[in-house]
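[1] model the following, please.
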Amino acid sequence: MSEQQFTDVIAKEQHFAFEVYPKRDLVITKGSGATLWDDKGNRYIDCTAGIGVANVGHANPSVVSAIQEQAEKLITCPGIFYNDTRADLMQKLIGIAPNNMQKAFLSNSGTEAMEAAIKFARLTSGKNGFISAMRGFHGRSMGALSATFKYRNEFEPLIPGHAFVPYNNLEKLAAAITEDTGAIILELVQGEGGVRPANKEYVRGVRKLCDEQGILLITDEIQTGFGRTGHMFACQTYDISPDIMTLAKGIAGGMPMGATLCGENIVSAAGKHGSTFGGNPLACAAAIATIDVLVDQQLPDRAAKLGQLFAERFKHNTPGVVRDMRQLGLMIGIELKTKSRPYLELLMQRGVLALPAGPTVIRLLPPLVIEEDQWLKACDTLIEVLSEEIVA
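    The predicted model follows:
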């Protein structure tokens, strides 16, 4: 691609796209595994995975093959008809989920999965009160945003009945419960909120509190699901089962998909919810292939191993600018004593792509298939960059 074409790509997006993303001056054109290439042929170690999407790697051959095969048979099929590929996926999802999960609603994104969870919880409980955590993030549509602590101000009034309490504080959570509380919504690791894992005692205490008071527990596994934290789902890391679980991101190898899994105590009925594109055969085929790769290649176990390898290497060489390092599997947050953006830019120049998680946190979400030597190189590059003096 020529310099003029490079300029044209950026100019086109700047001209035609509604500006909702903070862009970097990088045109990505190709990916394979944990490697990305730009328009000039430069290689990058990808520690973003499309914001936790490409868990099985970019252009995974099994996923590509499944998409190609399905596209030649049937691409779309509305929920008013049965479909073999969709049925196979839902059976597979329930098979890898916590034992109490019985039903699945398929959609196109994480925020849609949360919208469904909120509606199902209201239908089941008959109550409109929800409690979420400060720093939590559950999506940007109006219902999901109502349960989200950030990004709210310009869009209020939002859906009433949502209260927020400090994370990892069971006493404050218990005090916030009222007779109108129908559900508690919890990220087991706060992703956008700085990669902050919940305490095991807190999570188990929340589950017990819900059981005692007849409150539904919704766990948001949109970023933590599909092997990211060292288990297929983070709730398995914490040894609890939610009543409703929201999924997306890593579910379909890069194809748009969300899912809301529900226990047998959750009710709905025909006409109460739906999605035109949700559960389309093309995305379902990609998800089946993705789950097979995760299971066959034991990628959750690999995430646990590589995450621990990073933690040990980084702790032995921690630069002075680092305030804290938080890690669960291959979900890693490096909290700095200063702004993270200049370091993210320098990392990109050195061939490593990473994410922010708030103004001072560098977030690493590499594909779970990343080669060990790539991963160690990314770690060493990060240590090198963070050891340099940058004026923020």
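[2] please identify the helix or strand for residue 12.
    Taking DSSP states H and E as the criterion, residue 12 maps to helix 3-16.
[3] now the residue most central in space within the chain: closest residue in space, sequence neighbours ignored.
    In the chain, the residue lying closest to the centroid (C-alpha atoms, centre = their mean) is residue 223, at 1.7 Å. Nearest residue to residue 223, sequence neighbours excluded (C-beta to C-beta, 6 or more residues apart in numbering): residue 191, at 4.1 Å. Bear in mind the C-beta positions are built from the backbone N, C-alpha and C, glycine included.
[4] against residue 285, how distant is the one you found?
    Between residue 191 and residue 285 the computed distance is 27 Å (C-beta to C-beta, to the nearest Å).
[5] same deal with residue 343?
    The gap separating residue 343 from residue 285 is 39 Å, by C-beta to C-beta.
[6] could you do residue 20 as well?
    30 Å.
[7] those two: which is more packed in?
    The neighbour comparison of residue 20 against residue 285 (other C-beta atoms under 10 Å) goes to residue 285, with 28 against 6.
[8] quick one: the more buried one is in a helix?
    Yes - assessed with DSSP: H, G, I helix; E, B strand; the rest coil, residue 285 lies in a helix.
[9] isn't it right up against residue 85?
    Yes - using C-beta atoms under 8 Å, residue 285 makes contact with residue 85 at a distance of 5.4 Å.
[10] which neighbours do the two have in common?
    residue 70 (C-beta atoms under 8 Å, 6 or more residues apart in numbering).
[11] helices along the stretch 201-350 of the chain, start to end?
    234-237, 281-296, 299-315, 341-349 (DSSP state H, counting those that start in this stretch).
[12] quick one: which of those is nearest residue 73?
    helix 281-296 (7.5 Å; C-beta to C-beta).
[13] in that closest one, what counts as buried?
    281-291, 293-294 (16 or more other C-beta atoms under 10 Å).
[14] for these, which one is nearest residue 227?
    Distance to residue 227 across the buried residues of helix 281-296 (C-beta to C-beta) is lowest for residue 294, with 5.2 Å.
[15] which is the next helix or strand following the helix holding residue 12?
    Next element after helix 3-16 (DSSP H and E): strand 28-32.
[16] can you list the neighbours in contact with that following strand?
    Contacts to strand 28-32, defined as C-beta under 8 Å, 6+ apart, come from residues 1, 36-39, 46, 54, 57-59.
[17] same thing with stretch 339-356?
    By C-beta under 8 Å, 6+ apart, stretch 339-356 touches 24, 26, 36, 42-48, 51, 334, 336, 359-365, 378, 381-382, 384-386, 388, 390-392.
[18] those residues in helices, which ones?
    Among the contacts of stretch 339-356, DSSP state H puts 51, 378, 381-382, 384-386 in helices.
[19] out of the residues you listed, give me the two with the largest separation.
    With C-beta to C-beta as the measure, no two of the ones in helices among the contacts of stretch 339-356 lie farther apart than 51 and 384, at 24.4 Å.
[20] do you know how far the closest residue to residue 354 other than its chain neighbours is from residue 335?
    Closest residue to residue 354 apart from its sequence neighbours, by C-beta to C-beta, 6+ apart: residue 47 at 4.8 Å. Residue 47 sits 16 Å away from residue 335 when distances are taken as C-beta to C-beta.
[21] equivalent analysis for residue 224, please.
    Using C-beta to C-beta, one gets 19 Å for the distance from residue 224 to residue 335.
[22] so between these two, which is more surrounded?
    It is residue 224, of residue 224 and residue 335, that has more neighbours when counted by other C-beta under 10 Å, with 29 against 18.
[23] need the contact list for the more buried one.
    187-189, 191, 233-234, 328, 331.
[24] how about residue 305?
    Applying C-beta under 8 Å, 6+ apart, one finds that residue 305 lies in contact with no residue.
[25] from residue 372, how far off is it?
    To residue 372, residue 305 is 9 Å away according to C-beta to C-beta.
[26] and the strands in the stretch 101-250 of the chain?
    Assigned by DSSP state E, counting those that start in this stretch, the strands in the stretch 101-250 of the chain fall at 101-107, 129-133, 162-165, 181-187, 189-190, 196-197, 216-220, 244-247.
[27] got JSON lines for these, with mean pLDDT too?
    Shown next, in JSON lines, are those (pLDDT from 0 to 100):
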{"stretch": "strand 101-107", "mean pLDDT": "97"}
{"stretch": "strand 129-133", "mean pLDDT": "98"}
{"stretch": "strand 162-165", "mean pLDDT": "98"}
{"stretch": "strand 181-187", "mean pLDDT": "98"}
{"stretch": "strand 189-190", "mean pLDDT": "98"}
{"stretch": "strand 196-197", "mean pLDDT": "98"}
{"stretch": "strand 216-220", "mean pLDDT": "98"}
{"stretch": "strand 244-247", "mean pLDDT": "98"}
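[28] so which of these is nearest residue 317?
    Among those, strand 196-197 comes nearest to residue 317, with 22.2 Å by C-beta to C-beta.
[29] partners of that closest one in the sheet?
    According to DSSP bridges, strand 196-197 forms sheet pairs with strand 189-190 (antiparallel).
[30] residues making contact with the strand it pairs with?
    Contacting residues not belonging to strand 189-190 are listed as 133, 135-137, 167, 195-198, 223-224, 229, 234, 328, 331 [C-beta under 8 Å, 6+ apart].
[31] same check, this time on stretch 259-269
    For stretch 259-269, contacts defined as C-beta under 8 Å, 6+ apart pick out 93-94, 97, 100-107, 113-114, 116-117, 119-121, 123-124, 216, 241-248, 251.
[32] just the buried ones from these, in PyMOL syntax?
    In PyMOL syntax, the buried subset of those is picked out as below (16+ other C-beta under 10 Å):
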select buried, resi 93+97+101+103+104+105+106+107+113+114+116+117+119+120+121+124+216+241+242+243+244+245+246+247+248+251
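[33] so, low pLDDT: which residues of the stretch 251-392 of the chain?
    Low-confidence segments of the stretch 251-392 of the chain (pLDDT under 70): 391-392.
[34] first-to-last residue distance for stretch 79-90?
    13 Å (C-alpha to C-alpha, to the nearest Å).
[35] all set, thanks.
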